[in-house]
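1. this one's structure only:
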């Protein structure tokens, strides 16, 4: 069983990369297994197409493994991989000239996982979440990517800046504008709605 990426030490990560550079296919497979789900979730929410997301992820891994010799252990492998994946994704979006996709900031459980007595609040939370998605959908592709990386992948602003190849100040600006749009959208929210929104924010980390 492979480790979770959040608990993978830099030493273990460097060991896997060094082995992969040396041609160890088992190390390559472990690196893929450790990061494929999070990378796919990120890319899929950018392009909103399952097959294209799979293709982009495969392309990202191929590009990463082809240039492993250039990987610097100064950064996390996941940050470097997401940088490559985002670059491939952005090139696809630019070619298609579309900016689509919903952003799940809340990590809410599915309806089947909600206890019956929570159903009413779940419906209301779902409505608010839909409003949040609608607001985030109006952001530019880099802004949506910043929101995804911050809330869904728990990256700090410096790591997001490396992935998006933007200054840290620009990343902070993207996050600030997104939050401002949410505040504007929810300007007339009731106290109950604000309580649910705060709960959703806590779930998002």
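-> It's in. Here the structure is a predicted model, which means the values were calculated and not measured.

2. contacts only, for residue 71.
-> By CB atoms under 8 Å, 6 or more residues apart in numbering, the contact set of residue 71 is 17, 64, 77, 80. Where C-beta positions appear, they are placed from N, C-alpha and C, glycine not excepted.

3. among the residues you listed, which one has the most neighbours?
-> residue 64 (25 neighbours; other CB atoms under 10 Å).

4. how is the chain partitioned into domains?
-> If you go by automatic domain parsing, the domain ranges for the chain are 5-96, 111-204.

5. got JSON lines for those, with mean pLDDT too?
-> Formatted as JSON lines, these follow (pLDDT from 0 to 100):
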{"stretch": "domain 5-96", "mean pLDDT": "87"}
{"stretch": "domain 111-204", "mean pLDDT": "70"}
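
6. residue 61 against residue 29, yeah?
-> No: between residue 61 and residue 29 there is no contact under CB atoms under 8 Å: 10.8 Å.

7. give me the more crowded residue out of those two.
-> In this view residue 61 and residue 29 are compared by other CB under 10 Å, and residue 61 has more residues nearby, 19 against 13.

8. apart from its neighbours in sequence, what residue is nearest the more buried one?
-> Once flanking residues are discounted, residue 61 sits nearest to residue 32: 6.1 Å by CB to CB, 6 or more residues apart in numbering.

9. can you say which helix or strand has the one you found in it?
-> Assignment of secondary structure by DSSP states H and E places residue 32 within helix 25-47.

10. list the buried residues in that helix.
-> 27-28, 30-32, 34-36, 38-47 (16 or more other CB atoms under 10 Å).

11. tell me what that helix is packed against?
-> Here helix 25-47 touches helix 10-21, helix 50-66, helix 77-96, helix 141-151, going by 3 or more CB pairs under 8 Å, 6 or more residues apart in numbering; DSSP states H and E.

12. would you turn the ones you listed into a markdown table with distance to residue 181?
-> Formatted as a markdown table, the helices and strands packed on helix 25-47 follow (distance: least, CB to CB, whole Å):
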| stretch | distance to residue 181 |
| --- | --- |
| helix 10-21 | 36 |
| helix 50-66 | 25 |
| helix 77-96 | 20 |
| helix 141-151 | 9 |
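
13. which one, of these, ends up nearest to residue 172?
-> When those are compared by CB to CB, helix 141-151 sits nearest residue 172, at 8.9 Å.

14. quick one: contacts for residue 26?
-> residue 19.

15. same question, residue 170
-> Per CB under 8 Å, 6+ apart, neighbours of residue 170: residue 161.

16. likewise residue 77?
-> Taking CB under 8 Å, 6+ apart, one finds 13, 16-17, 31, 35, 71 in contact with residue 77.

17. could you do residue 53 as well?
-> Counted by CB under 8 Å, 6+ apart, residue 53 has contacts 40, 43-44, 46-47.

18. from these, pick the one nearest residue 88.
-> When these are compared against residue 88 (criterion: CB to CB), the nearest one is residue 43, at 8.3 Å.

19. got a list of what the closest one touches?
-> Counted by CB under 8 Å, 6+ apart, residue 43 has contacts 53, 56-57, 60, 85, 89.
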